[in-house]
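[1] got a predicted model here, sequence first, then my questions.
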Amino acid sequence: MIPSVRTARAVVVDGPRAHRLVSGPVAEPGAGEVRVAVSAALVGPADRAVYEGRTVGCPTVYPVTPGREWSGTVEAVGEGVTERLLGRAVAGRTEPGGCLTCARCREGSSHLCARPPGRPGPGAFADVLVLPAELLHTLPDGGDRPAAALLGRAAVAAGAALAGAPVPGERVAVHGAGTLGLLTVQVLAASSPGELVVVDRRVRRLEQALGLGADRTVDPAESSVLHGRCDLVVETAGEPESAHGASLLARPGGRVVLAGRPGPGARGLDPARLASHALTVRAVPGAAPAAWTHAVRAFRLGRLRAEPLVSHAFPLADFGAAMALSGAGQPGAGAVLLRP
């Protein structure tokens with residue numbers, strides 16, 4: 001059994017752009033719960049939205065500890081949880097709300113929970129995290145546990161690929177080469193596409209895409225050469241124009257999967273084009289259990305490389321710097337982790 005941490009720290013956000021690092025006794029897991037010693041947590045768009053006070057759809061109740069996507073090691077289990085989990089490397093994604101039992105929550109869509117407001121709880125920007133054991137995904141021993149914090153994002157990528165149902169030999173495009181986009185490239189590369197194209201304006205990200213399985217890269221300003229020529233298009237950027245741009249790439253009868261999360265005011269898909277081209281459009285904002293299984297297996301077999309996507313790791317005390325870097329859009333910045 002791993003020695004328990006008796007005093008733990010956590011980042012607490014008291015309001016927009018107001019945070020502090022607190023310390024106190026660790027919580028003991030209750031029935032059906034585990035306590036995880038956090039190895040790393042991904043600083044994602046949802047965490048930045050909480051910090052900046054601009055969450056949409058699920059209002060933030062301050063004070064709160066953010067940190068939705070994480071990896072770590074089980075160090076304590078509550079009543080009814082098998083002790084075989086002790087010492088296991090795990091990863092997970094902690095969504096806000098969700099009752100965990102309705103049909104929508106069981107399929108991985110807690111944002112559509114039938115019984116809101118659901119179960120509140122702290123996130124993983126802390127030394128330890130207490131959560132229901134059913135939210136854990138076990139990892140292979142010896143895996144890169146910090147990089148495994150990206151598996152929550154990889155599960156979304158896997159969900160997008162499963163929704164798009166790629167067929168070997170098809171021309172497939174990924175619109176956006178951020179962390180989610182580069183994970184999606186790796187998942188789709190395993191489906192043996194005839195051509196895998198990545199659309200983005202960032203040169204370094206496009207170079208990474210080529211090293212991770214893409215056959216070709218295109219700047220959005222020059223993407224008209226692909227209009228109407230792609231069997232499957234997966235949009236991952238979540239930018240105001242990216243969903244519209246992704247739909248233009250799809251051939252008549254093609255499929256478009258929206259995995260990014262645009263903010264208010266994003267440009268919509270043209271209904272006339274959707275009808276005239278008979279496009280199939282799916283939105284995949286979350287990760288269902290099947291997608292998690294797909295992502296974890298790919299990680300276990302070495303077919304999903306998360307390490308090259310991490311550019312920076314900050315200690316908890318540098319939470320503000322991590323937030324500033326993750327939202328700055330700097331050319332050399334990739335995935336940003338917060339580590340105890």
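    Arrived safely, thanks for sending.

[2] what does the domain assignment say about the chain?
    Domain assignment for the chain by automatic domain parsing gives 7-144+306-339, 154-283.

[3] and these, which is most packed in?
    Mean neighbour count (mean count of other Cβ atoms under 10 Å) peaks for domain 154-283 among those, with a mean of 20. C-beta here means a position set from N, CA and C on the backbone, and glycine is covered the same way.

[4] quick check, Gly332 in a helix?
    No: counting by DSSP: H, G, I helix; E, B strand; the rest coil, one finds Gly332 to be coil, located in no helix.

[5] which residues touch it?
    204, 311 (Cβ atoms under 8 Å, 6 or more residues apart in numbering).

[6] what's the distance between it and Leu206?
    14 Å (Cβ to Cβ, to the nearest Å).

[7] quick one: the domains of the chain as JSON lines, columns for distance to Arg300 and mean pLDDT too.
    Listed next are the domains of the chain as JSON lines, based on distance: least, Cβ to Cβ, whole Å; pLDDT from 0 to 100:
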{"stretch": "domain 7-144+306-339", "distance to Arg300": "5", "mean pLDDT": "87"}
{"stretch": "domain 154-283", "distance to Arg300": "12", "mean pLDDT": "95"}
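
[8] including distance to Ala290, could these go into TSV?
    Formatted as TSV, the domains of the chain follow (distance: least, Cβ to Cβ, whole Å):
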stretch	distance to Ala290
domain 7-144+306-339	8
domain 154-283	7
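
[9] who wins for proximity to Pro289 among those?
    Pro289 lies closest, by Cβ to Cβ, to one member of the domains of the chain: domain 7-144+306-339, at 6.0 Å.

[10] how far off centre is the closest one?
    Distance, stretch centre to chain centre, for domain 7-144+306-339: 11 Å (Cα atoms, centre = their mean, to the nearest Å).

[11] burial measure for the spatially closest residue to Pro140 that is not a sequence neighbour, as a count.
    Computed as Cβ to Cβ, 6 or more residues apart in numbering, the closest residue to Pro140 that is not its neighbour in sequence is Arg300, at 4.7 Å. By other Cβ atoms under 10 Å, the residues close to Arg300 number 13.
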